[in-house]
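>>> Need a 3D model of the following:
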Amino acid sequence: MTPQFPCRNLIFHTYHEFFEKEFAFEFSASLEQAETPFLDHDSVTPKVEYYDSLFQLFEDEINQNIFAGNSTVIISLFQDLKLRRQSLYPIPESIVKQIEKWNNESYEHYQSKIIEKAQAYFSNQKFEGLKHLDSYEDYVPENMFDPSRFKKVIRTYHDFYCVEDKWPDYFNIAFFDLYMNFLSDQADKMASLLDKYIKRYDAGEFTKSDVEKTYYEKTLKKGKNNKLLVWIFIGISVIGLIGTFKKNIMELFSPVVVIKDSVLKS
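As a prediction, this is how the structure comes out:
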C-alpha cells in the first residue's frame, strides 16, 4: 500500500500552477495594467496568499508522520521530498521555450477567430457588386429597446476588414525577468521548509537503520511473524522446565550417604 500525503500533494499542485499558461498570462496582464512593475492584481495575489497558507498544513503533516514513528512511511515521504527538492527551481531556458510555445498557440487561435470574422463580413449578400467606398442602403432599429421598427440609413462600403479585437491572451516577454524572480521566490519558500527537515532526516534523526537494531529486536520481530519459530521457542521452554522439575524431585527423594574417612590399603 502506497502512503498518501494529501497536504504534500495540495501544496505542490498549487506551486506547479505558477508555471502553467493560465497563471503566466495573468501575471503578464497584471504588470501590463500596473503603473509600476509591482505585482498586485486580483487574479494573482489571492493565489500567492493561498499558496502561503498551505505551508503550515504541509509542515504539520510532515511532523505527524515523523511522530507516528513508522519507518516505512517516513522513508517513503522523504525519498519523495528529496526528489522534488532536486527539481524545484525553474530553468530559464525551459521557461522561455514554454512561453514562446504558449504565445504561438494563443496567437494562432486569435488569428483564426479574426479570419473567421473577416470571412463572415465579406460574405454578406448586401455587399455584392459594391466597390470600395460605394454607398448602400441598410436598415437599423429605430429604438434600441424596440427591435420591431426599423429605419433606413445610408452606409459606405469599405473593401477591407478592420480588426478591432486585441490579442487578449499572451505573455509579454519584457516581463520575463520579473516572472523568473517571482518563480524563484516561491521556490525559495518551499526549499526553506524542505531543507529544514531533509537535513534532519539525512542525519538519521527520524529513522534507525536495520544495522542499528539489536539481534534481539530482529529475532523477536521475526518470531512474532513466524508461527514455527514461536512453537520452537515454546518447546525449548517446556523442555527446560521439565528438566528442572525432574532434577528437583530426584534430589528430594534420594537417600543421604555419609562416607567415613578411611585409609585404603592395597
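
>>> Next, count neighbours for Gln79.
Residues lying near Gln79 (other C-beta atoms under 10 Å) number 11. Quick note: C-beta positions are derived from backbone N, CA and C, even for glycine.

>>> For this structure, which segments count as strands?
135-143, 146-156 (DSSP state E).

>>> quick one, the longest one and strand 135-143 angle?
When you say that, I think you mean strand 146-156. 160 degrees (axes from the mean of the first three to the mean of the last three C-alpha atoms, to 10 degrees).

>>> picking that back up, need the winner for burial among the strands of the chain.
Most buried of the strands of the chain, by mean neighbour count (mean count of other C-beta atoms under 10 Å): strand 135-143, with a mean of 11.

>>> elements contacting that strand?
strand 146-156 (3 or more C-beta pairs under 8 Å, 6 or more residues apart in numbering; DSSP states H and E).

>>> got the CA coordinates for the strand it packs on in PDB?
Output in PDB follows, covering the C-alpha atoms of strand 146-156 (Å, rounded to 0.1, in the frame of the first residue of the first chain):
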ATOM      1  CA  ASP A 146     -37.900  48.200 -29.700                       C
ATOM      2  CA  PRO A 147     -36.400  46.000 -32.400                       C
ATOM      3  CA  SER A 148     -39.800  45.700 -34.200                       C
ATOM      4  CA  ARG A 149     -39.400  49.000 -36.100                       C
ATOM      5  CA  PHE A 150     -36.600  49.800 -38.400                       C
ATOM      6  CA  LYS A 151     -35.300  52.900 -40.300                       C
ATOM      7  CA  LYS A 152     -33.300  53.200 -43.400                       C
ATOM      8  CA  VAL A 153     -29.700  54.600 -43.300                       C
ATOM      9  CA  ILE A 154     -27.000  55.100 -45.900                       C
ATOM     10  CA  ARG A 155     -23.700  53.500 -45.300                       C
ATOM     11  CA  THR A 156     -20.300  53.400 -47.000                       C
END
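
>>> Off-centre distance for stretch 22-37?
Relative to the centre of its chain, stretch 22-37 is centred 24 Å away, using C-alpha atoms, centre = their mean, to the nearest Å.

>>> tell me which residues of that stretch are tucked away?
Burial within stretch 22-37, assessed by neighbour count using 16 or more other C-beta atoms under 10 Å, is assigned to Phe23, Ala24, Phe25, Glu26, Phe27, Ser28, Ala29, Ser30, Leu31.

>>> ok, the first one to Gln186 distance?
This points to Phe23. Using C-beta to C-beta, to the nearest Å, Phe23 is found at 11 Å from Gln186.

>>> What of the third one?
As for Phe25, its distance to Gln186 is 17 Å (criterion: C-beta to C-beta).

>>> again with the fourth one
When distance is defined by C-beta to C-beta, Glu26 is 15 Å away from Gln186.

>>> how deep is Ala203 tucked in, by neighbour count?
8.

>>> pLDDT at it, what is it?
We have a pLDDT of 93 for Ala203.

>>> ok, now how distant is it from Asp169?
For Ala203, the distance to Asp169 - C-beta to C-beta - is 48 Å.

>>> any weak-confidence spans in the chain?
Residue ranges of the chain with pLDDT under 70: 1, 34-43, 208-266.

>>> mind giving me the domain split of it?
6-109+172-207, 215-253 (automatic domain parsing).

>>> what's the closest of those to Asp146?
Checking those against Asp146 by C-beta to C-beta gives domain 6-109+172-207 as the closest, at 37.8 Å.

>>> Straight-line length of the closest one, end to end?
22 Å (C-alpha to C-alpha, to the nearest Å).

>>> Output the domains of the chain in a markdown table; the columns should cover distance to Pro141.
Listed next are the domains of the chain as a markdown table, based on distance: least, C-beta to C-beta, whole Å:
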| stretch | distance to Pro141 |
| --- | --- |
| domain 6-109+172-207 | 33 |
| domain 215-253 | 86 |
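
>>> Go through these and name the closest to Leu130.
With C-beta to C-beta as the yardstick, what comes closest out of the domains of the chain is domain 6-109+172-207 (31.4 Å).

>>> Now do Phe145 against Lys126, distance only.
25 Å.
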